[in-house]
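[1] Kindly return the folded structure for what I paste below:
(chains A and B)
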Amino acid sequence: MFEIVEREEMAQGTIISNWVRAPKIAKKAKPGQFVILRANETGERIPLTMADTDPERGLINIIYAVVGKSTALFKTLKVGDAYLDVIGPLGQPTHLEKVGKVVCVGGGTGIAVLHPITRGLKQLGNHVIAIIGARTKELLILEDKMRAASHELHICTDDGSYGHKGFVTEMLKKVLTENRDIGLAVCIGPVPMMKFCSQMTKEFGVKTLVSLNPIMLDGTGMCGCCRVQVGGRMQFACVDGPEFDGHQVDFDELTLRLRSYLPEEKLAYDRFKASLGQGCSHKS
Amino acid sequence: MSEEVKAPKKEKIPRQKMPEQDPQVRRHNFNEVPYGYTPELAMKEAERCIQCKDPRCKQGCPVEIDIPGFIKFIKEGDFEAAIRKLWEKNSLPAVCGRVCPQEIQCEGLCVVGKKDEPVAIGNLERFAADYQRLHGRDILPPKAPPTGKKVAVVGSGPAGLTVAGDLILKGHEVTIFEALHAPGGVLIYGIPEFRLPKEIVAHECRYLERLGVKIEVNAVIGRTETVDELLERFDAVFLGVGAGLPMFLNIPGEHYIGVYSANEYLTRSNLMRAYDFPNYDTPLVRGKKVATFGGGNVAMDAARTALRMGAEHSYIIYRRSHAELPARAAEIHHAEEEGVEFLFLTNPVRFLGNEDGYLTGVECLKMELGEPDASGRRRPIPIPGSEFIVEIDTAVIAIGSGANPLLTKATPGLALNKWGYIIADPKTGKTMKPRVWAGGDIVTGAATVILAMGAGRLASNSIHDFLTYGW
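    This next block holds a predicted model:
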């Protein structure tokens, strides 16, 4: 059992942060790697990239958006509750190196994954420009941490309620135009965001890393469920990734495969919400 | 002179059939297909064994079970003695009785089988194990005094469970590390409930735990810990991680929704119990027209799972003919009885999908058989212009597995062959890395449960020698 020792609700309860006791994983994990979690015996195996670790206390940090039955079930876990299974660290760590000037772009919960990478790039002596975005001000997460992990921070909201009004891609274009010496871009967020960011950086000839989130099962390269096309070759995100060259990834195929279980996901989520509703309205 | 010779010629007993679920009923449920022998049927079948002095059946058994020995006890109705006899050589008799290819091993060599049908050795082994599990006294085999030596077993499939079972009885401390959240390896994620109930695997694992084996799940060796780290804490390490890398057909359209590797399809259904969705959270496409590619046991398992998931048509598409099917005879027979449709001499060329990305069909070529190839089987050759389309909404690719590099890449000092399998001494399982042994599919490539157990047995003997005598 893997106990939750700290829990925080972010973005009006749509995003949850957990610090989970997993000493062996905390000791080994590096930025960019992920874990697979299962809440209970009937649960799914859900992959989540770690947002942070605390090896001394034996803790790992996961930050997830509540988007379906499994994450809604995770949300019900309080401090003192435990995940039944946590497996990791899985995947390849981010290759962090000094390149000079870098830009880090994050959207939604992708910011949580981006943060340790941004911090690592700054620690290596890079000049780090960060761009983070959300639909609206209330949904933006980790602003303070990202400010501390970068030299310049740009904020974008789709509705203009905070920072620049518009998508992160627009800000990325401005930053790339004004900083012709950028040697690396790291873009992590929803698939369309990563796709358009990668198109943008390609125009500027800037090498780009993206972190992919395909559907997974075992996370050890055994099932091939997370297969993605990268540069025309089949790669498994769980063992070859999750980070890949954004200019080589077939984002359209990834988008398509992420829709594999839409009807089942809706059915499971609706049933779960109905069961929660019954639980709440039950009066003795 | 023995009594048998003097006695008047007995009436010949036919091979006793094991009662089974009706095919039309079982194709809609996940319950086990055969019900097993009753004690009466088992004792009657055991009478058919002529108790050869130099039994050939035993030579066909990769773990060298004293087959006439345990059968004699069943004939006498001493079922506890029968299971004790089996345990001497085999810690997983309930599994082996169900999944061994007996027709090419023990039963294939049975002398009775020369003129008549061979003694049903697999069914009898299964009976002895099941009887013990369901009705037996709470007994354990004798265990040697503690040696103070520690062994790490990586992987809890048939090879790893065998090594653990052998070495715990010899007095060593054994810890099994399993990457998934439940122990059993292929027995739990690969082989379906209707062929090997999960409760039986769990029972075998509990039996090892009662003997003192520790089982750590969620431990991905190579990631959570490395082999070198295990070597700091353990005197010896056995690697039995299985093949574990899915093969794809490498034809266009494998990204369409509904195309699965057999590993994924079966893991969802078996380990994650997707057949019981939404009571279990893991989904699996419930295809109406399913094609499984390949002709081995895994292909039969997938095609029969598809029927139970509600498929109206479940095809096996195989590029050779019936005679070349590598699956166990009983599995082919069961698949045919349940209505799996075989398309022989057929090879897929590309998958077809609709605009939303869902699989709609597969284009195939007809084949003919030419000269035998390196495997001794006649090579299939495409017939030009014979393209045709099979309408399907689900495809399962069951054409074998490769070597999963996750552990081997993270373990310096292991020697690998050109396919990525670990090089190990075939007689001892010793690898090129000191204090590290390996066996099963990660050495041989995808094979059978019993061959992995045989490799585990050789390795456990070698590990015991090393821990006892230092070599």
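[2] okay, now B:Ala302: neighbour count?
    Using other C-beta atoms under 10 Å in any protein chain shown, B:Ala302 is surrounded by 32 other residues. Every residue, glycine included, has its C-beta placed from N, CA and C.
[3] So which residues of the stretch 1-150 of chain A form strands?
    A:2-10, A:15-21, A:34-38, A:46-54, A:59-65, A:82-83, A:85-90, A:101-107, A:127-134 (DSSP state E, counting those that start in this stretch).
[4] want to throw these into JSON lines with mean neighbour count and mean pLDDT?
    What follows is these, written out as JSON lines (neighbours: other C-beta atoms under 10 Å in any protein chain shown; pLDDT from 0 to 100):
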{"stretch": "strand A:2-10", "mean neighbour count": "16", "mean pLDDT": "96"}
{"stretch": "strand A:15-21", "mean neighbour count": "22", "mean pLDDT": "97"}
{"stretch": "strand A:34-38", "mean neighbour count": "25", "mean pLDDT": "97"}
{"stretch": "strand A:46-54", "mean neighbour count": "22", "mean pLDDT": "95"}
{"stretch": "strand A:59-65", "mean neighbour count": "22", "mean pLDDT": "96"}
{"stretch": "strand A:82-83", "mean neighbour count": "20", "mean pLDDT": "97"}
{"stretch": "strand A:85-90", "mean neighbour count": "24", "mean pLDDT": "97"}
{"stretch": "strand A:101-107", "mean neighbour count": "27", "mean pLDDT": "96"}
{"stretch": "strand A:127-134", "mean neighbour count": "26", "mean pLDDT": "96"}
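[5] Distance of the nearest residue to A:Gly120 once chain neighbours are set aside relative to A:Ala149?
    Distances taken as C-beta to C-beta, 6 or more residues apart in numbering or on different chains put A:Leu96 closest to A:Gly120, at 4.5 Å, once the chain neighbours are dropped. When distance is defined by C-beta to C-beta, to the nearest Å, A:Leu96 is 13 Å away from A:Ala149.
[6] residues from the stretch 251-400 of chain B in reach of chain A?
    Contact residues, the stretch 251-400 of chain B versus chain A (C-beta under 8 Å from any C-beta of the partner chain): B:254-255, B:257, B:260-261, B:263-264, B:267-268, B:272-273, B:277-283, B:285, B:356-357.
[7] hmm, try it at 7 Å
    Contact residues (C-beta under 7 Å from any C-beta of the partner chain) of the stretch 251-400 of chain B with chain A: B:255, B:257, B:261, B:263-264, B:267-268, B:277-283, B:357.
[8] which stretches of the stretch 151-284 of chain A aren't confidently modelled?
    A:278-284 (pLDDT under 70).
[9] again, only using 80
    A:277-284 (pLDDT under 80).
[10] need the strands for it, in chain order.
    Counting by DSSP E, counting those that start in this stretch, the strands of the stretch 151-284 of chain A are A:152-157, A:164-165, A:182-188, A:208-211, A:227-230, A:233-236, A:243-245.
[11] Parallel or antiparallel, which strands does the last one pair with?
    Think strand A:243-245. strand A:208-211 (antiparallel) (DSSP bridges).
[12] who wins for proximity to B:Ala159 among the strands of the stretch 151-284 of chain A?
    Nearest of the strands of the stretch 151-284 of chain A to B:Ala159, taken as C-beta to C-beta: strand A:233-236 at 24.1 Å.
[13] buried ones in the closest one?
    Across strand A:233-236, burial judged by 16 or more other C-beta atoms under 10 Å in any protein chain shown covers A:Gln235, A:Phe236.
[14] That one: how far from the chain's middle?
    Centroid separation for strand A:233-236 versus its chain: 20 Å, with C-alpha atoms, centre = their mean, to the nearest Å.
[15] before we move on, what about stretch A:257-268?
    The answer for stretch A:257-268 is 20 Å, by C-alpha atoms, centre = their mean.
[16] Show the end-to-end separation of that stretch, please.
    With C-alpha to C-alpha, to the nearest Å as the measure, stretch A:257-268 spans 19 Å from end to end.
[17] close to chain B, is it?
    Yes. Using C-beta under 7 Å from any C-beta, stretch A:257-268 reaches chain B at A:Arg257, A:Arg259, A:Ser260, A:Tyr261, A:Glu264, A:Leu267, A:Ala268.
[18] Wait, the third one touches A:Pro214, no?
    Right, A:Ser260. No. The pair A:Ser260 / A:Pro214 is not scored as a contact, 9.5 Å apart, by C-beta atoms under 7 Å.
[19] Quick one: residues contacting the residue of the stretch 301-450 of chain B found nearest chain A.
    Closest contact between the stretch 301-450 of chain B and chain A, by C-beta to the nearest C-beta, is at B:Gly357 (3.8 Å). Listed by C-beta atoms under 7 Å, 6 or more residues apart in numbering or on different chains, the contact partners of B:Gly357 are A:Leu256, A:Arg259, B:Tyr256, B:Ile257.
[20] let's see 10 Å
    Going by C-beta atoms under 10 Å, 6 or more residues apart in numbering or on different chains, B:Gly357 touches A:Asp252, A:Glu253, A:Thr255, A:Leu256, A:Arg257, A:Leu258, A:Arg259, A:Ser260, B:His255, B:Tyr256, B:Ile257, B:Gly258.
[21] Ok, A:Phe236 next?
    By C-beta under 10 Å, 6+ apart, the contact set of A:Phe236 is A:91, A:214, A:216, A:219-228, A:242, B:245-246.
[22] can you rerun that using 7 Å?
    A:Phe236 sits next to A:Gly221, A:Gly224, A:Cys226, A:Arg227 when contact means C-beta under 7 Å, 6+ apart.
[23] neighbour-wise, which of the residues you listed leads?
    Highest neighbour count within the contacts of A:Phe236: A:Cys226, with 27 neighbours (other C-beta under 10 Å).
[24] Spatially nearest residue to A:Glu264 (excluding sequence neighbours)?
    B:Pro283 (3.6 Å).
[25] Am I right that the one you found sits in a strand?
    No. With DSSP: H, G, I helix; E, B strand; the rest coil as the criterion, B:Pro283 is assigned coil and is not in a strand.
[26] Just the pLDDT for it.
    B:Pro283 is assigned a predicted lDDT (pLDDT) of 93.
[27] Quick check: residues of the stretch 101-250 of chain A near chain B?
    Counting by C-beta under 7 Å from any C-beta, the stretch 101-250 of chain A sits next to chain B at A:Leu217, A:Asp218, A:Thr220, A:Gly221, A:Met222, A:Cys223, A:Gly224, A:Cys225, A:Gln229, A:Met234, A:Val239.
[28] residues in contact with A:Lys69?
    By C-beta under 7 Å, 6+ apart, the contact list for A:Lys69 reads A:Ala268, A:Tyr269, A:Phe272, B:Asp281.
[29] likewise B:Ile389?
    Counting by C-beta under 7 Å, 6+ apart, the residues that B:Ile389 touches are B:Gly361, B:Glu363.
[30] Partner strands of the helix or strand hosting it and their direction?
    If you go by DSSP states H and E, B:Ile389 is part of strand B:388-391. Paired strands of strand B:388-391, with direction, are strand B:359-372 (antiparallel) (DSSP bridges).
[31] relative to strand B:359-372, how tilted is the next helix-or-strand element following the partner strand?
    Using DSSP H and E, the helix or strand that directly follows strand B:359-372 along the chain is strand B:378-382. Strand B:378-382 runs at 130 degrees relative to strand B:359-372, counting by axes from the mean of the first three to the mean of the last three C-alpha atoms, to 10 degrees.
[32] didn't B:Leu467 look like it was pressed against B:Gly148?
    No. Look at B:Leu467 against B:Gly148 with C-beta under 7 Å: they stay out of range, at 9.4 Å.
[33] So those two - more neighbours on which side?
    The residue with more neighbours, out of B:Leu467 and B:Gly148, is B:Leu467; 20 against 10, by other C-beta under 10 Å.
[34] Can you check the pLDDT for the more buried one?
    97.
[35] So A:Leu96 and A:Ala149 - more neighbours on which side?
    When neighbours are counted by other C-beta under 10 Å, A:Leu96 and A:Ala149 differ, and A:Ala149 comes out ahead with 22 against 19.
[36] hang on, the more buried one packs against A:Leu121?
    No. Using C-beta under 7 Å, A:Ala149 makes no contact with A:Leu121, being 8.3 Å away.
[37] Alright, that wraps it up for me.
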